[in-house]
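# Generate coordinates for the sequence data below:
(chains A and B, ligands or ions: 2)
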Amino acid sequence: MAHAEVSFFEAEKGWKSWLTTLDHKRIGLMYLAAAMLFFLVGGVFALLVRLELMFPGETIMSADTYNKFFTYHGAIMVFMFIIPIIPAALGNFFLPIMIGAKDVAFPRLNLASYYIFITGASFAVWALLARGADTGWTFYTPYSIRSATSVVLITLGVFIMGFSGILTGLNFIVTVHKLRAPGMTFFRLPLFVWAIYATAIIQVLATPVIGITTLLLVMERVIKIGIFDPALGGDPVLFQHFFWFYSHPAVYIMILPGMGIISEVIPVFSRKHIFGYHAIAYSSLAIAFISFIVWGHHMFVSGQSELANFLFSLLTMFVAVPTAIKVFNWTATMYGGSISLKTPMLYAVSFIFMFTIGGLTGLFLAALSVDVHLHDTYFVVAHFHYVMMGGTVMGLLAGFHYWWPKMFARMYPEWAGKIAWALIFIGFNLTFFTQFLMGYLGMPRRYYDYPAEFTNLNIASTVGSWFLFAGFLLMLIYFLKTFFEKRRTDLDNPWGGKTLEWQIASPPTMHNFHETPQITGRPYEYGIVRMKK
Amino acid sequence: MTWRLPQASTMAGAVDTLFDFVLWTSVASFLIIVLGKLIFLVRFRRKKIPEKESLYLTGHTATELSVAVILLVWVMVIFYWGWADYKKLRSAPAGAMEINVIAKQWLWEIQYPDGRRLTNELVVPKGKPVKLIMTSQDVLHSFFVPDFRVKQDIIPNTYTSLWFEATEAGEHPVYCAEYCGAAHSGMLATVRVLEPAAFEAWQLAGFLGEAGAAEGEAASEPKSLAEKGREIFMAKGCQACHTTDGSKGLGPSQKGIFGATEALEGGGTVTVDENYIRESLMEPAKKVVKGFQPIMPTFKGQLTDEEINALIGFIKSLGGK
Ligand SMILES: [Cu+2]
Ligand SMILES: [Cu+2]
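Ligands and ions are numbered 1, 2, ... in the order given. Next up, the predicted model:
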């Protein structure tokens, strides 16, 4: 194969060539570095928050510090890690290759998106270094209007980062429509591409709303326009509508790309054609569509009308159907396969395990009478961590291990991968399953202190966070270690993948392909037809 | 440790029944998926099925459709059930006893129709519907009684309401469930549910005032001023912000302040005496201790002269010059 070829790492030299690069793979890696750095920072805040909550009363920090730290944890993880990490980092790297293109449609815009992201993130970091923020990542009014912290700076950061998401989404939509290789029809697209495509649609349509909302909040704080502040005749619940009109679809910006990765990993490691290709592809679009009309399920006890609650509860139930079809189809894909439980597959299997719990507990919250009890308790915290971390982050880790040899031509150590997986799996479930119990028993979220009867569950949850930390630390170590190893030449296609990225060199060359590939079928053609007896 | 909450209101049982229905049906579908997965992992492991001998199978529309339909029916049942119970949770019976709740950072003020006021304590009769009409003086809060399975956000400038009918006498914790700042987790209260007769007596005592109530308790030991003051200090929520052991809270510790001279925000000093404490309770923003935010709520109209005296006695008992 093409090993005499120079890879995209060597095609241009010097750190300047990185900062000005138009190559989608390099931009993807720069996103990866930035977002993973934020993941580290957000994770440290999470550990500190859990440590504080280990015992009732003051454990290591004051109430004010605690309120800031949980805000930092949430805001960093949502806006600076989980939203960009899969689309902007892995999507940038792999989407063009998977459709047989040399780059995205607008490479300059792609680089601009990156710098917009960094600018927005700098505002957020500036806010933390100034007076911080203690509003929670949801910025509910009127508290966020009264708070003496740097709310303006951090919301401006969110506003700016939003443009990065919009432009990346736009870029991907155009890329998928215009740059597919000959023969690559929509129904031959890898499912990861479908997922990123559906995500991009949400990004383009929903993100402007958070932009407007944050801007209105800034105006409310600075020039007192009286839209959200009850003291000025404004309506604080209106803010919640605006906020969730974006932030509910954003949940799917976070989870759909993770689902996309799972849809790639399971067929490859099962040596099976994906079960129900169309259903999985369409369900991504269906989820994207429904996600726009269910935002009010975050507001069942906010004082919104009973009719609104009726409709939002009903519509929310429909999300369950396409989601469950996916879970069913992933599981069914494994049937009759030849399954290899390498680390990427371990994460994919844990995705199904944890995401199913996350999805099913969503039903409790969608049922009106039950949600009245569970809303704003730790049950909700556990639910969305099962979806976001048990789902998206597991998908991300599956993707990292799966594509690591492709990106860097180095292999992670399998045994260490499995140990880290075990630590993360145990740690995650210990940390968050206990929170379902706390929540059902009535412990509200965002509590610095709590009645003594919740102590045991909190101790268990905090201990779980240490397992998680150990797992991630081990992973960081082995990824960094292999990163500095010598490149291998036998890693063009270590897993036997059929998508296009596995048909080219590892690492890819600057332009990915020597000749434009010709596509004749779907990338899941595994298995033999057995005769019926 | 308990796994279930007490069912202390007429609606709690219904909410739990749906909770359990969703729980057990979810557990069943979870087991189907996970056991299926585990069986496949074992049965179709690569050691057993060589790489080249996997099955060629691209889907099965009929199975997928039936899964979708079964699921749809299931979630529609959950939806309708949840809605039906929710309607009941929202519709207070006519003739419910109305009580006003004012939430503020970080305490609950309860006002009865007969003018009686309580802080962080709601006293209600057993077996009688009670409707709370709530508003906030500053930011959002949320009134949450886990034992009753009720919760409602509270919004400034707007009234929201909730109702319940308690079925178990005793004390039930109230939490603030909507994040409201520094002492959010300290914004606690108690619902004290009394038997109807006891509730009537309680109301009567409120009506007759301290003296009338004292007569009824003649048998019990008279309490010292400081002891009474400590009780008021706890009951009125002072401990959410003030410690009595010298450590710093949201407000200055009350230990050893009596007679001390303190620096004020914006210059000047003050010596803590009876008049100053009284002023701190009535108009806390007037003199703000250096290093603190002017967040102490006013207790104007909520403390009787006797109670203020008792509080002062209590603060004196914590030492100082
Ligand atoms: Cu939502
Ligand atoms: Cu609160």
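# Let me see the contact set for residue 246.
No chain was given, so I picked chain A. When contacts are counted by CB atoms under 8 Å, 6 or more residues apart in numbering or on different chains, A:Y246 is found next to A:A206, A:T207, A:V209, A:I210, A:T213. All C-beta atoms are positioned from the backbone trio N, CA, C, and that covers glycine.
# oops, chain B please
B:G246 makes contact with B:S253, B:K255, B:G256, according to CB under 8 Å, 6+ apart.
# go on, A:T155?
Residues in contact with A:T155, defined by CB under 8 Å, 6+ apart, are A:F139, A:T214, A:L217, A:V218.
# residue ranges for the strands of the stretch 251-400 of chain A, please.
For the stretch 251-400 of chain A, none of the segments meets the definition of strands by DSSP state E, counting those that start in this stretch.
# Buried by neighbour count: which residues of stretch A:445-462 qualify?
Buried residues in stretch A:445-462, counted by 16 or more other CB atoms under 10 Å in any protein chain shown: A:R445, A:R446, A:Y447, A:Y448, A:D449, A:Y450, A:F454, A:L457, A:N458, A:A460, A:S461, A:T462.
# what's the answer for stretch B:44-56, then?
Neighbour-count burial for stretch B:44-56, counted by 16+ other CB under 10 Å, picks out B:F44, B:R46, B:I49, B:S54, B:L55.
# How is chain B partitioned into domains?
Each structural domain of chain B that the record assigns through automatic domain parsing is listed here as a residue range: B:12-90, B:97-215, B:225-317.
# could you dump those to CSV with distance to A:F428?
Formatted as CSV, the entries for these read as follows, by distance: least, CB to CB, whole Å:
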stretch, distance to A:F428
domain B:12-90, 16
domain B:97-215, 25
domain B:225-317, 35
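# Single out the most deeply packed of these.
Among the domains of chain B, judged by mean count of other CB atoms under 10 Å in any protein chain shown, the one packed with the most neighbours on average is domain B:97-215 (a mean of 20).
# residue contacts, the most far-flung residue of chain B relative to its centre?
Largest separation from the mean C-alpha position in chain B: B:K52, at 61.9 Å (CA atoms, centre = their mean). Taking CB under 8 Å, 6+ apart as the definition of contact, the neighbours of B:K52 are A:R271, A:S338, A:I528.
# ok, back up a step: near chain A, list only the ones from the buried residues of stretch B:44-56.
B:F44, B:R46, B:I49, B:S54, B:L55 (CB under 8 Å from any CB of the partner chain).
# Who are the contact partners of A:M61?
Taking CB under 8 Å, 6+ apart as the definition, contacts of A:M61 comprise A:L48, A:E52, A:F69.
# Now do the helices in the stretch 1-150 of chain B.
Applying DSSP state H, counting those that start in this stretch to the stretch 1-150 of chain B gives helices spanning B:12-43, B:61-90.
# got those helices as JSON lines, with mean pLDDT and distance to B:R116 columns?
Written out in JSON lines, the entries for these read as follows (pLDDT from 0 to 100; distance: least, CB to CB, whole Å):
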{"stretch": "helix B:12-43", "mean pLDDT": "96", "distance to B:R116": "27"}
{"stretch": "helix B:61-90", "mean pLDDT": "95", "distance to B:R116": "27"}
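# Provide a list of residues in contact with A:E58.
The contact partners of A:E58, by CB under 8 Å, 6+ apart, come to A:E52, A:D449.
# That one sits in which helix or strand?
Under the criterion of DSSP states H and E, A:E58 resides outside all helices and strands.
# measure it to A:T431 for me?
When distances are taken as CB to CB, to the nearest Å, A:E58 and A:T431 turn out to be 22 Å apart.
# low-confidence ranges in the chain?
This is for chain A. A:1-4, A:530-533 (pLDDT under 70).
# Wait, chain B was what I had in mind.
When the per-residue scores of chain B are filtered using pLDDT under 70, the ranges that remain are B:1, B:115, B:207-225, B:305-306, B:321.
# Please, where are all the strands along it?
Secondary structure of chain B (DSSP state E): strands at B:97-104, B:107-111, B:117-119, B:121-125, B:129-136, B:141-145, B:150-154, B:160-165, B:170-176, B:189-194, B:261-263, B:269-271.
# Let's have those strands in TSV, adding distance to chain A.
Supplementary listing: those in TSV, determined by distance: least, CB to the nearest CB, whole Å:
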stretch	distance to chain A
strand B:97-104	13
strand B:107-111	14
strand B:117-119	19
strand B:121-125	16
strand B:129-136	9
strand B:141-145	6
strand B:150-154	5
strand B:160-165	5
strand B:170-176	5
strand B:189-194	12
strand B:261-263	21
strand B:269-271	25
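# Of all these, which one comes closest to B:L35?
Taking CB to CB as the measure, these were each checked against B:L35, and strand B:150-154 came out nearest at 35.9 Å.
# For the closest one, which strands pair with it and how are they oriented?
Strand B:150-154 has the following strand partners under DSSP bridges: strand B:141-145 (antiparallel).
# picking that back up, tell me which of the helices of the stretch 1-150 of chain B approaches A:L256 most closely.
Evaluated over these, closeness to A:L256 peaks at helix B:61-90, with 18.8 Å, by CB to CB.
# is that closest one anywhere near chain A?
Yes - contact between helix B:61-90 and chain A, assessed by CB under 8 Å from any CB, occurs at B:61, B:63-64, B:67-68, B:71-72, B:75-76, B:78-79, B:81-90.
# and that helix, what does it pack onto?
In this structure, helix B:61-90 makes packing contacts with helix A:306-334, helix A:343-366, helix A:368-374, helix B:12-43, judged by 3 or more CB pairs under 8 Å, 6 or more residues apart in numbering or on different chains; DSSP states H and E.
# quick one, it and strand B:160-165 angle?
Angle of helix B:61-90 versus strand B:160-165, following axes from the mean of the first three to the mean of the last three CA atoms, to 10 degrees, is 90 degrees.
# Mind picking the two most distant members of the buried residues of stretch B:44-56?
Top of the distance list for the buried residues of stretch B:44-56 (CB to CB): B:R46 and B:L55, 13.8 Å.
# Up against ligand 2, what does chain B have?
With CB under 5 Å from the ion as the criterion, chain B meets ligand 2 at residues B:H141, B:C176, B:C180, B:H184, B:M187.
# Quick check: closest non-adjacent residue to whichever residue of the stretch 101-250 of chain B sits closest to chain A.
With CB to the nearest CB as the measure, B:P146 is the residue of the stretch 101-250 of chain B nearest to chain A, at 2.9 Å. Taking CB to CB, 6 or more residues apart in numbering or on different chains, and ignoring the residues beside it in sequence, B:P146 has A:G442 as its nearest neighbour in space, at 2.9 Å.
# Tell me the buried residues in stretch A:474-487?
Using 16+ other CB under 10 Å as the burial criterion, the residues of stretch A:474-487 that qualify are A:L474, A:M475, A:Y478, A:F479, A:T482.
# Can you report how many residues neighbour the residue in the stretch 151-300 of chain A that ligand 2 sits nearest to?
Closest approach between the stretch 151-300 of chain A and ligand 2, counting by CB to the ion: A:P236, at 14.0 Å. By the other CB atoms under 10 Å in any protein chain shown criterion, the neighbourhood of A:P236 contains 26 residues.
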